[in-house]
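Asks: got a predicted model here, sequence first, then my questions.
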Amino acid sequence: MKAHGNGLASPSSTGKSLRGGSSVTVALVEDNAEFADALTACLSHQPDLEVLGILSTVMDALGHLPVWKPDIVLLDLGLPDGSGIEVLRVLSPSMTDTTFVVLTVFEDDESIREALSAGALGYMLKCSGSRAILEGVSLAAGGGSPLDAQITRRLLEVLRSHGAPESQAIRDLTELTAKENLLLRQMAKTGDSVKEIADVLGLTYATVRTYIRRIYIKLGVHNRSQAERRLLRLHQDPS
């Protein structure tokens, strides 16, 4: 259940501020001491970011996080005295200025669903590596929701198969044409390559590439996972 080896290396400083010049405070809820120490060292190399401390149990998290009031909490799910889900359920309703981001080895549908339902605003996997984790922290500091690409894809599949109304499942992003929405849903649903998507939709490879570039421009994103997250937010929006 726990990660073996930290898989992290402390990157050199990028020289970029995460939040417009003000310090971003981070707390870790992680019982793997080796991983926690490596992650702390990694985060500490980032300018304008302060690690407040490491908490290793649910009880410690419930006692200290409301006092520390960090901007971001990186939260493991598998803790010695319970699940990080309990931390989310108890603290996220009252700690509205804190962004809770799950950082775990668990990528099953139930863990993803429960964490996001309990108040997590991001879900990342430990195996993603230091660069992806830093990018996730930066995204969370800027008000975004860091989700690994494979987690985004799995969550979209869960929304389709667990009670999402059919009318919600076919909602379109208003920035895109009907064909572009169809292509984006196909990308998110299957994870297929450009060639495979072209074959499924009966389009040429060049046409699909052109559609994808247009989608990125219209949505103001730079890659596939960012585009899929826009679609995910549409399906999470109850309006």
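Replies: Arrived safely. Numbering: from 1, shown residues only.
Asks: what helix or strand is Lys218 on?
Replies: Using DSSP states H and E, the element containing Lys218 is helix 205-219.
Asks: mean confidence for that helix?
Replies: In this model, helix 205-219 has a mean pLDDT of 88.
Asks: output the contacting helices and strands for it.
Replies: With contacts defined as 3 or more CB pairs under 8 Å, 6 or more residues apart in numbering; DSSP states H and E, the packing partners of helix 205-219 are helix 178-190, helix 194-201, helix 224-236. Bear in mind the C-beta positions are built from the backbone N, C-alpha and C, glycine included.
Asks: got the angle for the shortest one vs helix 178-190?
Replies: Here the directions of helix 194-201 and helix 178-190 differ by 120 degrees (axes from the mean of the first three to the mean of the last three CA atoms, to 10 degrees).
Asks: from Lys195, how far off is Thr204?
Replies: Applying CB to CB, to the nearest Å, the value for Thr204 to Lys195 is 10 Å.
Asks: related to what we said a few turns ago, which of the helices and strands packed on helix 205-219 sits closest to Lys126?
Replies: helix 224-236 (17.6 Å; CB to CB).
Asks: hmm, back to that, for the helices and strands packed on helix 205-219, which has the smallest mean pLDDT value?
Replies: helix 224-236 (a mean of 69).
Asks: Val73: neighbour count?
Replies: By the criterion of other CB atoms under 10 Å, Val73 has 29 neighbours.
Asks: kindly report the same for Gly78.
Replies: Counted by other CB under 10 Å, the residues lying close to Gly78 total 17.
Asks: how about low-confidence regions in the chain?
Replies: Low-confidence regions of the chain, defined by pLDDT under 70, span residues 1-21, 153-171, 189-192, 225, 233-239.
Asks: can you show me the helices along it?
Replies: For the chain, helices defined by DSSP state H occupy the ranges 33-44, 58-68, 84-91, 109-118, 130-141, 149-161, 166-169, 178-190, 194-201, 205-219, 224-236.
Asks: now mean neighbour count and distance to Leu74 too, for those, in JSON lines please.
Replies: Below are the helices of the chain laid out as JSON lines (neighbours: other CB atoms under 10 Å; distance: least, CB to CB, whole Å):
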{"stretch": "helix 33-44", "mean neighbour count": "18", "distance to Leu74": "7"}
{"stretch": "helix 58-68", "mean neighbour count": "16", "distance to Leu74": "11"}
{"stretch": "helix 84-91", "mean neighbour count": "21", "distance to Leu74": "10"}
{"stretch": "helix 109-118", "mean neighbour count": "18", "distance to Leu74": "13"}
{"stretch": "helix 130-141", "mean neighbour count": "20", "distance to Leu74": "7"}
{"stretch": "helix 149-161", "mean neighbour count": "18", "distance to Leu74": "15"}
{"stretch": "helix 166-169", "mean neighbour count": "10", "distance to Leu74": "31"}
{"stretch": "helix 178-190", "mean neighbour count": "17", "distance to Leu74": "26"}
{"stretch": "helix 194-201", "mean neighbour count": "15", "distance to Leu74": "34"}
{"stretch": "helix 205-219", "mean neighbour count": "16", "distance to Leu74": "27"}
{"stretch": "helix 224-236", "mean neighbour count": "18", "distance to Leu74": "19"}
